[in-house]
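A.B. asks: Return a 3D structure for these sequence lines:
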Amino acid sequence: MGEPMKQNKKAEQQLIAALNRLQGVTFTDTLDGIAVGALAASPRERYFSFNVANYAFAINASHFCEVFVEPAITPLPNAPDLLMGLCNVRGILVPVYQLHGLLQHDVPAHRTVFCIGKGEHTVGILTDNLPSSVNLPEIASGKLTDALPDFVKALVLAEAQQDNKNYLLLDGDRVAEQLLMLSLKLPAASAEHTRAPVFY
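C.D. replies: Residues are numbered from 1 along each chain as shown. A predicted model of the protein is given here:
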């Protein structure tokens, strides 16, 4: 095989690998050099994934989601530690929750807030990283690891595994209500952690 043909073959293989990563589609290389796409063996759906402490959460990409880096978050007096405060998103005050305290983990110094939902139904969650897109297999609800904290079990629908990593699937339709109900069960933060609200 000549050098130009080897280079073409290598470039073709790189393109196939890139398409596999980008589209979640398995490509097969035929003898005539045409890449033919075939769906993966099991049905897969696209999710947005983010980390909180040692856990990876995911939400179906069919839900409206946004990311805000270093937004202004105004604490609320007498609110539980779980509720960091309110963030102004295009004129709508969005509650921002942090799960780090319940997971015995330090709150990150750099604030990245992952917002789920639209309008008045939006809720924000403080994350450790920028969310990423991941394709996960179709999962039946109710499969949860026994070792998960009880409050985490109350928030998630099921677990999924991809590349030896576990993802906890959130219910995008109910996560705002679930976080609110969880925060109402917790004691209020001490006065030294709160200040008068200032909205931007």
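A.B. asks: quick one, what contacts Val123?
C.D. replies: Taking Cβ atoms under 8 Å, 6 or more residues apart in numbering as the definition of contact, the neighbours of Val123 are 94-97, 115-117, 175-176, 179. C-beta coordinates here come from the backbone N, C-alpha and C atoms, glycine included.
A.B. asks: Out of these, name the ones that lie in strands.
C.D. replies: With strands identified by DSSP state E, the entries of the contacts of Val123 that belong to them are 94-97, 115-116.
A.B. asks: can I get those residues in a markdown table with neighbour count, distance to Ser62 and pLDDT?
C.D. replies: Rendered in a markdown table, the data for those read as follows (neighbours: other Cβ atoms under 10 Å; distance: Cβ to Cβ, whole Å; pLDDT from 0 to 100):
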| residue | neighbour count | distance to Ser62 | pLDDT |
| --- | --- | --- | --- |
| Val94 | 25 | 20 | 97 |
| Pro95 | 21 | 22 | 97 |
| Val96 | 25 | 23 | 97 |
| Tyr97 | 25 | 22 | 97 |
| Cys115 | 19 | 15 | 97 |
| Ile116 | 23 | 11 | 96 |
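A.B. asks: Let me know the closest of those residues to Pro137.
C.D. replies: Ranked by distance to Pro137 (Cβ to Cβ), these are led by Ile116 at 21.8 Å.
A.B. asks: ok, what's across the strand from that closest one?
C.D. replies: Assessed by DSSP bridges, Ile116 has beta-bridge partners Cys65, Val123.
A.B. asks: distance of it from Gly85?
C.D. replies: Using Cβ to Cβ, to the nearest Å, Ile116 is found at 17 Å from Gly85.
A.B. asks: right, and the helix or strand after the top strand by length along the chain?
C.D. replies: With DSSP E setting the assignment, residue counts place strand 44-52 as the longest strand in the chain. Heading C-terminal from strand 44-52, the first helix or strand you meet, by DSSP states H and E, is strand 55-60.
A.B. asks: contact partners of that next one?
C.D. replies: Defining contact as Cβ under 8 Å, 6+ apart, one finds that strand 55-60 is touched by 45-51, 65, 103, 116, 125, 134, 136, 152, 156, 160, 165-170, 172, 175.
A.B. asks: got it, and stretch 112-121?
C.D. replies: By Cβ under 8 Å, 6+ apart, the surrounding residues in contact with stretch 112-121 are 48, 50, 59, 63-71, 73, 87, 89, 92, 94, 96, 122-131, 170, 172, 175-176.
A.B. asks: one more time with 7 Å
C.D. replies: 50, 59, 63-69, 71, 87, 89, 92, 94, 96, 122-127, 129-131, 172, 175-176 (Cβ atoms under 7 Å, 6 or more residues apart in numbering).
A.B. asks: Select only the buried ones of these in ChimeraX?
C.D. replies: Buried members of the contacts of stretch 112-121, defined by 16 or more other Cβ atoms under 10 Å, are picked up in ChimeraX with:
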select :50,59,63,65,66,68,71,87,89,94,96,122,123,124,125,126,127,131,172,175,176
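A.B. asks: Where does the record place the domain boundaries for this protein?
C.D. replies: Split into domains by automatic domain parsing, the chain comes to 3-38, 44-193.
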